[in-house]
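Peer 1: Please find the sequence and the predicted model below.
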Amino acid sequence: MKKFLFSVLAVGALVACTKSEVKYEGETEIAFAPVSSVNTKAVGAIPSTTYPTDENFLVWAYWQDVPAGSDKNAYTDPKVYIDGKEFKNATNKLWKGVEKSYFWPKTGSMVFACVSPANAPFYGGEKPQHNLFPQSNKPEEFNFNYVNSNNTAETRDLLWANCSVSYSEATAGTTGVPVEFKHALSWITFRVRGTGAAIGAYTITGLTLNDVKTLAYFESAGNGVWKTPAEEKDYKVFEGAYALTNSLVDLENNPAGTLVIPQAKDVDYTATLKYTNATGDNPIDETIELQLGKGWEIGKHYIYDITFSPTEILIAPTVADWVPVYKEINY
């Protein structure tokens, strides 16, 4: 009756969501200036390299009397200059301190680290911890417990940027300090279309992503790693009525809202797809289970394309041979 052509495209590690510059406003104030920005609320995945103007992020800065351009390893005795403070958009191009303004030291240089958004759902409402160097009892760079919402209207694109080379007032004042954010979550998109008789006759009524873990511990060392995922929940990706066309269309109630903690297991993750099939004399409701593979990696966008291709019911009739019955009649 039907065939489902099912493919997945994992878009390789998304290059930084945002490139930012640090510069001083007026003469010495430290402010962050994204390369470009749009007035878009950062709910769900940020689909481009622009950083939304109504989003805030947390900043860490370390100072030492070393030349600008030094590697972070030159910071043998760093002083915490900004300790996880929130920065907000001040103009269309500049982000500055929320509680107070921060100003460049006149000596030495600083390295910066950032995490976004500032009001991300960190476990217990605790602010992330950041360490410039690994110690026996502390992981390197960022570390925190994170609770990811299973409501696609509430998910946030979690970003982080570890420390790079150092900058001073002089070097940041002209070209800015580039701070490149990385995506910490996985982004999932389902797309659907129909062919032949499915177009207009098949109506999608629901799509649920099943048994996805929503709590885990993050360490940003290297390219970032998630540990001990827990608390399985379902994600209701789509509820409603969508009649298939011959074009691939994103199937979701909240655009770019299916963000999950990167995770893996030994068996396939699944999604439950519900639809109404009206190709017969009376419509019927059907449910199928989609096999999605054994997990999702950090910073990747997974696109699942689902194509409905109904198979026409054909009947090949034959006629049974007559069975002769012989009877003799005698007079």
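Peer 2: Looks like it arrived, so ask away. Keep in mind it's a predicted model, so treat the numbers as computed, not measured. Numbers count the residues shown, from 1 in each chain.
Peer 1: From now on I want contacts and neighbour counts done on CA atoms only, so please keep to that.
Peer 2: Fine.
Peer 1: Tell me where the model's unsure across this protein.
Peer 2: For the chain, the stretches flagged by pLDDT under 70 are 1-29, 31-43, 92, 133-140, 173-177.
Peer 1: and with 80 instead?
Peer 2: In the predicted model of the chain, residues 1-43, 49-51, 90-95, 133-140, 164, 172-179, 221-222, 317-318 satisfy pLDDT under 80.
Peer 1: Dead centre of it: give me the residue that sits there.
Peer 2: Taking C-alpha atoms, centre = their mean, the centroid of the chain lies closest to residue 187, which sits 3.3 Å from it.
Peer 1: Surely that one and residue 304 touch.
Peer 2: No: applying C-alpha atoms under 8 Å as the test, residue 187 and residue 304 come out as separate, 11.1 Å apart.
Peer 1: just to revisit the earlier point, just the C-alpha atoms of the helix or strand containing the residue nearest to the centre of the chain, please, in CSV.
Peer 2: Using DSSP states H and E, residue 187 sits in strand 186-194. Presented in CSV, the C-alpha positions along strand 186-194 are these (Å, rounded to 0.1, in the frame of the first residue of the first chain):
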residue,chain,number,x,y,z
SER,A,186,22.5,18.8,18.5
TRP,A,187,19.8,20.1,16.2
ILE,A,188,17.2,17.8,14.6
THR,A,189,14.9,18.6,11.7
PHE,A,190,12.3,16.3,10.1
ARG,A,191,11.1,17.1,6.6
VAL,A,192,8.2,15.4,4.8
ARG,A,193,6.9,15.2,1.3
GLY,A,194,4.6,12.9,-0.9
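Peer 1: what's it packed up against?
Peer 2: The contact analysis (3 or more C-alpha pairs under 8 Å, 6 or more residues apart in numbering; DSSP states H and E) places strand 186-194 against strand 249-250, strand 259-260, strand 301-310.
Peer 1: tell me what the first one is packed against?
Peer 2: Same thing as strand 249-250. In terms of contacts (3+ C-alpha pairs under 8 Å, 6+ apart), strand 249-250 is packed against strand 186-194.
Peer 1: run the last query once more with 10 Å
Peer 2: With contacts taken as 3 or more C-alpha pairs under 10 Å, 6 or more residues apart in numbering; DSSP states H and E, strand 249-250 sits against strand 186-194, strand 301-310.
Peer 1: what's the answer for the longest one, then?
Peer 2: For strand 301-310, the elements it packs on are strand 2-11, strand 186-194, strand 249-250, judged by 3+ C-alpha pairs under 10 Å, 6+ apart.
Peer 1: Just give me how far that strand sits from the chain centre.
Peer 2: The chain centre lies 19 Å from the centre of strand 301-310; the measure is C-alpha atoms, centre = their mean, to the nearest Å.
Peer 1: and if you look at stretch 289-298?
Peer 2: With C-alpha atoms, centre = their mean, you get 14 Å for stretch 289-298.
Peer 1: Please report how far residue 155 lies from residue 72.
Peer 2: According to C-alpha to C-alpha, to the nearest Å, residue 155 stands 33 Å off from residue 72.
Peer 1: ok, now residue 112?
Peer 2: In this view, residue 112 and residue 72 are 10 Å apart by C-alpha to C-alpha.
Peer 1: More neighbours: which of the two?
Peer 2: Shown here are residue 112 and residue 72; by other C-alpha atoms under 10 Å, residue 112 has more neighbours (24 against 18).
Peer 1: In space, what's closest to that one - neighbours in sequence excluded?
Peer 2: Leaving aside its sequence neighbours, residue 112 sits nearest to residue 61 (C-alpha to C-alpha, 6 or more residues apart in numbering; 4.5 Å).
Peer 1: distance of that neighbour from residue 178?
Peer 2: The gap separating residue 61 from residue 178 is 14 Å, by C-alpha to C-alpha.
Peer 1: shared neighbours, the two?
Peer 2: Here residue 61 and residue 178 share the contacting residues residue 112, scored by C-alpha atoms under 10 Å, 6 or more residues apart in numbering.
Peer 1: by contact count, what packs against the host helix or strand of residue 60?
Peer 2: Following DSSP H and E, the helix or strand that holds residue 60 is strand 57-64. Under the contact criterion of 3+ C-alpha pairs under 10 Å, 6+ apart, strand 57-64 touches strand 79-89, strand 95-97, strand 109-116, strand 129-131, strand 159-161.
Peer 1: that's a strand at residue 124, yeah?
Peer 2: No: assessed with DSSP: H, G, I helix; E, B strand; the rest coil, residue 124 is helix; it does not lie in a strand.
Peer 1: And for it, the neighbour number?
Peer 2: Applying other C-alpha under 10 Å, we find 9 other residues in the vicinity of residue 124.
Peer 1: wait, doesn't it sit right on residue 215?
Peer 2: No: when contacts are counted by C-alpha atoms under 10 Å, residue 124 is not listed as touching residue 215 (11.5 Å).
Peer 1: list the residues that contact both of these two?
Peer 2: Common contacts of residue 124 and residue 215 (C-alpha under 10 Å, 6+ apart): 145, 146, 147.
Peer 1: If anything else comes up later, I'll come back, but that's it for now.
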